[in-house]
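Undergrad: pasting a predicted model and its sequence here:
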Amino acid sequence: ANSTQPLLSLCVCSQPVLQIVRLTFQNHQGSQMNQSAFVDKSKNTVTYHVTSPSNHTTVVLFDSKNGYVCYKPADQNACYLRKMDDWDLENVQISFNLSEHRNNQTKYYREFLGILPGRQANAGSLGDAIQTLCEQTSIYWVRKGDGPGKKRLIYLCIDICFPSNICLSVCFYYLPD
C-alpha cells in the first residue's frame, strides 16, 4: 500500500451503539499519525483521537446532537469550540454509515480557525459530551477565517482524516481583541 494513503481497519465492538475505526496516515509534514474514531450513535457523537509520533493525543469531538465541533489539543489546558456546519454534519453521517462507498483518492484540505480572545463558552449549556471532554479546562469560541495573514502566527494545527478519505489540517490563530 502507498504510505500516503490512509489505512482503514474497522473494529465493531461488543456495544452495538459504539464503533471504533482506526486509521494511520501521514500528515502534511510527512509524520505518521495514528487516529481512532469512536462513533456513538446513541449520543450522536463522533470522537476522533489523533496521536502524534511523540505519543501526544489531540481529541476532536463532533456533537451533532447539540450542533458543535470541539477541539482539545494535546498538552493544553483549553478547548476550542465552534458551531457545526453542513460539511461537518455530512462527515458525521458518513462516520455513522461506515459501509458507504469510500473514495480511493485521498483529498487534503486546510481550514483556518481564529480564536476569539475573551470569548469563553459556558460549559453548562453545551451538552454532556463537551462538558466531559473539557472538564476543568477553559473553552474558547473559534470562527472560520481565511488564515492569520502576515501579522499573526499560526498557534497550532490539528490533522484529521475522515472515513470518506478526506484529510483536513485545522490551523488555529489568535484574532485581535
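TA: Perfect, thanks for sending it. Numbering: from 1, shown residues only.

Undergrad: partner strands of the top strand by length along the chain, parallel or antiparallel?
TA: Secondary structure of the chain per DSSP state E: the longest strand is strand 107-120. When sheet partners are counted by DSSP bridges, strand 107-120 sits next to strand 138-145 (antiparallel), strand 166-174 (parallel).

Undergrad: buried ones in that strand?
TA: Across strand 107-120, burial judged by 16 or more other CB atoms under 10 Å covers Glu111, Phe112, Leu113, Gly114, Ile115, Leu116. The way it works is simple: take the backbone N, C-alpha and C, and place the C-beta from them, glycine included.

Undergrad: mean pLDDT, distance to Tyr48 and mean neighbour count added to the strands paired with strand 107-120, as TSV?
TA: Below are the strands paired with strand 107-120 laid out as TSV (pLDDT from 0 to 100; distance: least, CB to CB, whole Å; neighbours: other CB atoms under 10 Å):
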stretch	mean pLDDT	distance to Tyr48	mean neighbour count
strand 138-145	91	17	17
strand 166-174	85	10	19
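
Undergrad: which parts of this structure are strands?
TA: For the chain, strands defined by DSSP E occupy the ranges 7-12, 18-26, 32-40, 45-51, 57-63, 68-72, 78-83, 107-120, 138-145, 154-161, 166-174.

Undergrad: tilt between the shortest one and strand 57-63?
TA: Interaxial angle, strand 68-72 versus strand 57-63 (axes from the mean of the first three to the mean of the last three CA atoms, to 10 degrees): 170 degrees.

Undergrad: likewise for the third one?
TA: Strand 32-40 and strand 57-63 are oriented at 30 degrees to each other (the same axes, to 10 degrees).

Undergrad: count of neighbours near Ser42?
TA: The number of residues packed near Ser42 is 10, by other CB atoms under 10 Å.

Undergrad: so, low pLDDT: which residues of the chain?
TA: Within the chain, the segments meeting pLDDT under 70 span 1-21, 27-28, 98-104, 151, 177.

Undergrad: again, only using 80
TA: Counting by pLDDT under 80, the chain has low-confidence residues at 1-33, 91, 94-107, 117-118, 146-155, 163-165, 175-177.

Undergrad: any idea how far Leu89 lies from Leu153?
TA: 31 Å (CB to CB, to the nearest Å).

Undergrad: if you could redo that for Thr51, that was the one I meant.
TA: Counting by CB to CB, the gap from Thr51 to Leu153 is 25 Å.
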